[in-house]
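In: This is a predicted model, with the sequence first.
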Amino acid sequence: MSDNPTENRLVWENEEKKLDERVAEALWPGGQKAIDRLAGQNKRPIRELIQELIDPGAEFYELSRIAGFGVNYPNVEDVPCGGVATGIGKIHGNWTMIFANDSRVKAGTYFPITLKKHMRAQAIARQCGLNCVYIADSGGAFLPMQADVFPDDQHFGSMFYNMAQMSAMGLKQITLSTGGNTAGGAYIVFMACQSVMIDKLAYSFLGGPPLVKMATGEVITAEDLGGARVHTRISGGADHFCKDQAEAIVKVREILCLDKPQTVHSHRYQEAPPLTAPETVYEIMPAAVNQGINAVRFLECISDDSYFIEYKKDYAPGRGDNIVAGKIRIKGIPVGVIASNAVGIIFAEAARKATEWIVRCSQEKTPLLFVQNSPGYMVGSESEHMGIGKYGADMVRAVSCAQVPRIQLVIGPDHGAANYGMCGRAYRPHFLFSTMRARTSVMSGRSAAGVLMSIEEAKRKAMNNPMAEEEKEAFRQKMIEKYDGEAHPFYCGARLLTDRVLKFSEIRDWLGMAFEVSLLKPIGEPAFGNFRF
């Protein structure tokens with residue numbers, strides 16, 4: 001751990017200012033001019049609508065805010081916020097997943113990243129048992145990329161498949177149409193359990209007036225083709241007619257007002273703040289990402305009463321303690337923890353300890369938090385002979401089969417198979433959060449440069465054209481920039497490899513929300529695969 005807390009704090013506060021700047025770009029596409037254009041259409045910004053939709057004083061936990069930057073689609077470099085806001089808030093005391101198309105971004109049309117973000121939110125809702133509210137204002141698929149958004153699984157149709165599946169499970173799908181919903185976008189209205197439309201503002205049709213004229217010769221206005229009066233009074237495609245956005249928000253809240261109150265399926269203690277000042281985390285997180293951390297001190301910054309009950313504390317010093325395991329309470333909820341410690345390299349002993357703890361927590365139906373700060377599993381003949389492959393695989397099996405809610409928090413290196421054993425995205429954690437210190441990639445830029453340099457040198461030597469020193473240095477720098485750039489939280493957040501890039505000061509509140517939401521469904525019985533302890 002760094003011995004310069006002041007330097008650490010300055011580094012991470014500065015990094016989080018960069019995050020604030022990126023978030024501002026995402027939340028205000030088009031600036032004031034775009035807001036004025038909405039006002040001219042009698043519309044308000046989507047986050048104002050969301051704030052009115054959720055309970056007074058409640059927080060909207062917005063997901064994936066920096067999605068869509070640098071995706072470089074044809075003629076479209078950025079899709080701010082992915083073109084859709086998603087997040088979790090309480091409506092009449094019940095946690096609800098909320099989706100809102102942002103018409104300021106390409107008329108709310110769906111790019112590949114928009115679909116990915118929309119369906120990630122649906123996946124969370126399904127996994128956690130949340131009702132869904134869609135604030136719909138979308139032109140449907142972004143037509144120039146139709147081959148990438150229309151025909152395949154996880155393309156446009158999968159949104160509606162998910163709506164149907166969740167509705168069948170008893171999870172309400174409520175749509176508030178606050179603008180035009182054309183072609184595929186129309187199904188957000190028609191697939192809902194109940195839908196609300198606004199007079200002379202909301203439209204929904206499979207083909208708009210230009211397409212109708214081309215296909216049939218009929219000349220008709222959008223209002224007469226698929227306005228709120230048509231669908232609430234003639235077609236029956238919508239259920240509730242409202243005169244403006246304010247009335248429509250009230251109607252959506254009314255639809256959900258008699259839902260059964262949610263239950264958290266866990267015993268819960270009285271919440272207590274950490275005894276360690278939460279801002280201490282800024283001082284104990286080393287400015288150098290590859291420098292080791294003190295995981296226990298970090299846990300003291302986020303846990304109730306700063307209390308950590310450690311498991312196998314004295315096991316295999318120097319090898320087994322590169323992962324610490326144990327229990328904490330977050331907002332009163334008991335949580336099992338697997339946390340990278342020191343430099344975070346996972347030795348066979350640490351993998352064995354982690355696997356045991358995952359299994360024990362699963363048997364006890366205790367949710368799990370994975371605090372990831374690991375560059376990978378240990379390599380070399382000694383580790384291979386000690387069984388790192390076998391015990392690492394057991395750790396991956398345990399993570400894959402654990403039936404309890406699982407949340408990953410990345411606070412440093414997140415490389416190689418450690419990403420797997422510590423419940424990375426492929427292992428379907430209920431939530432995955434990262435920080436500005438996170439670096440997620442197959443290996444660090446320095447390691448990748450070394451591996452690829454040796455390959456390039458061998459290839460050039462075989463061609464009788466050995467690399468000059470300046471060529472080696474240029475190649476090395478190019479590889480470092482590529483791999484470190486692709487590991488950065490901005491790159492990963494833009495591509496939805498994390499559900500939110502958190503500030504250190506936000507970690508405790510977000511984990512409290514995430515565990516509460518993850519425990520709204522009963523925990524099933526444990527079932528594990530082929531373990532060979």
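Out: Cool, the structure landed.
In: what's the longest helix along the chain in contact with?
Out: Ordering each helix of the chain by length in residues (DSSP state H) puts helix 5-27 first. Under the criterion Cβ atoms under 8 Å, 6 or more residues apart in numbering, residues 2, 47, 65-69, 80-81, 282-287, 436-437, 489-490, 501, 503-504 lie in contact with helix 5-27. Yep, even glycine has a C-beta here, placed from its N, CA and C like the rest.
In: Show only the entries of those residues found in strands.
Out: Judged by DSSP state E, the subset of the contacts of helix 5-27 located in strands is Val501.
In: Whichever of the contacts of helix 5-27 end up buried, select them in PyMOL.
Out: Selecting the buried subset of these in PyMOL, with 16 or more other Cβ atoms under 10 Å as the burial test, is done by:
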select buried, resi 2+65+66+67+68+69+80+81+282+283+284+285+286+287+436+437+489+490+501+503+504
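In: So which of the contacts of helix 5-27 belong to helices?
Out: Counting by DSSP H, the contacts of helix 5-27 place Arg47, Tyr282, Glu283, Ile284, Pro489, Phe490 in helices.
In: Now tabulate these in JSON lines and tack on pLDDT and distance to Gly30.
Out: Converted to JSON lines, these look like this (pLDDT from 0 to 100; distance: Cβ to Cβ, whole Å):
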{"residue": "Arg47", "pLDDT": "97", "distance to Gly30": "14"}
{"residue": "Tyr282", "pLDDT": "97", "distance to Gly30": "34"}
{"residue": "Glu283", "pLDDT": "97", "distance to Gly30": "39"}
{"residue": "Ile284", "pLDDT": "96", "distance to Gly30": "40"}
{"residue": "Pro489", "pLDDT": "97", "distance to Gly30": "25"}
{"residue": "Phe490", "pLDDT": "98", "distance to Gly30": "21"}
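In: now, which of these sits nearest Cys193?
Out: Arg47 (24.3 Å; Cβ to Cβ).
In: Leaving out chain neighbours, which residue sits closest to the closest one?
Out: Leaving aside its chain neighbours, Arg47 sits nearest to Ala85 (6.5 Å; criterion: Cβ to Cβ, 6 or more residues apart in numbering).
In: what about Glu356, neighbour count?
Out: Using other Cβ atoms under 10 Å, Glu356 has 18 other residues around it.
In: what's the distance between it and Gly332?
Out: In this view, Glu356 and Gly332 are 26 Å apart by Cβ to Cβ, to the nearest Å.
In: for Ala342, same thing?
Out: Applying Cβ to Cβ to Ala342 and Gly332 gives a distance of 30 Å.
In: tell me the residue furthest from the middle of this structure?
Out: Residue farthest from the centre of the chain, counting by Cα atoms, centre = their mean, is Asn464 at 48.8 Å.
In: Surely Tyr483 forms part of a helix?
Out: Yes - secondary structure assignment places Tyr483 in a helix (DSSP: H, G, I helix; E, B strand; the rest coil).
In: ok, now which ones touch it?
Out: So Tyr483 contacts Ser441, Val442, Met443, Ser444, Gly445, Ala448, Ala449 (Cβ under 8 Å, 6+ apart).
In: For the stretch 151-300 of the chain, just list every one of the strands.
Out: 173-182, 194-198, 203-205, 240-242 (DSSP state E, counting those that start in this stretch).
In: Now render those as TSV, adding mean pLDDT, distance to Arg253 and mean neighbour count.
Out: Output for these, formatted as TSV (pLDDT from 0 to 100; distance: least, Cβ to Cβ, whole Å; neighbours: other Cβ atoms under 10 Å):
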stretch	mean pLDDT	distance to Arg253	mean neighbour count
strand 173-182	95	10	26
strand 194-198	98	11	25
strand 203-205	94	21	26
strand 240-242	98	12	20
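In: now these as CSV including distance to Thr109?
Out: Putting the strands of the stretch 151-300 of the chain into CSV (distance: least, Cβ to Cβ, whole Å) gives the following:
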stretch, distance to Thr109
strand 173-182, 9
strand 194-198, 20
strand 203-205, 15
strand 240-242, 25
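In: can you give me the helices for the stretch 201-350 of the chain?
Out: Secondary structure of the stretch 201-350 of the chain, counting by DSSP state H, counting those that start in this stretch: helices at 209-216, 222-226, 228-233, 245-255, 281-284, 295-302, 348-364.
In: contact partners of the fifth one?
Out: What that stands for is helix 281-284. Under the contact criterion Cβ under 8 Å, 6+ apart, helix 281-284 has outside partners 1-2, 5-6, 8-9, 12-13, 293-294, 297-298, 301-302, 504-505, 507.
In: Next: the fourth one.
Out: For helix 245-255, the external contacting residues (Cβ under 8 Å, 6+ apart) are 42-44, 49, 52-53, 91-92, 133, 172, 174, 176, 178, 194, 196-198, 201, 240, 242.
In: 10 Å - rerun?
Out: With contact meaning Cβ atoms under 10 Å, 6 or more residues apart in numbering, helix 245-255 is reached by 42-44, 48-55, 91-92, 96, 98, 131, 133-135, 172, 174-179, 193-199, 201-202, 228, 239-242.
In: can you give me the mean pLDDT across that helix?
Out: The pLDDT scores in helix 245-255 average 98.
In: relative orientation of it and strand 194-198 in degrees?
Out: For helix 245-255 against strand 194-198, the angle by axes from the mean of the first three to the mean of the last three Cα atoms, to 10 degrees is 170 degrees.
In: just the last one next, same as before
Out: Direction vectors for helix 348-364 and strand 194-198, defined by the same axes, to 10 degrees, enclose an angle of 100 degrees.
In: how far out from the middle of the chain is the helix or strand just after helix 348-364?
Out: With elements assigned by DSSP states H and E, the helix or strand that comes after helix 348-364 is strand 368-374. Distance of strand 368-374 from the chain centroid (Cα atoms, centre = their mean, to the nearest Å) equals 16 Å.
In: List the strands paired with strand 368-374, with their directions.
Out: Strand pairing for strand 368-374, using DSSP bridges, gives strand 333-340 (parallel), strand 406-415 (parallel).
In: Export only the CA atoms of stretch 99-109, formatted as PDB.
Out: Provided in PDB are the C-alpha atoms of stretch 99-109 (Å, rounded to 0.1, in the frame of the first residue of the first chain):
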ATOM      1  CA  PHE A  99     -36.000   2.600 -19.200                       C
ATOM      2  CA  ALA A 100     -36.300   5.900 -21.000                       C
ATOM      3  CA  ASN A 101     -35.400   6.600 -24.700                       C
ATOM      4  CA  ASP A 102     -33.500   9.800 -25.100                       C
ATOM      5  CA  SER A 103     -34.900  11.400 -28.200                       C
ATOM      6  CA  ARG A 104     -31.900  13.900 -28.200                       C
ATOM      7  CA  VAL A 105     -29.700  11.000 -29.400                       C
ATOM      8  CA  LYS A 106     -30.600  10.200 -33.000                       C
ATOM      9  CA  ALA A 107     -34.300  10.300 -32.300                       C
ATOM     10  CA  GLY A 108     -34.100   7.500 -29.700                       C
ATOM     11  CA  THR A 109     -33.200   5.000 -32.400                       C
END
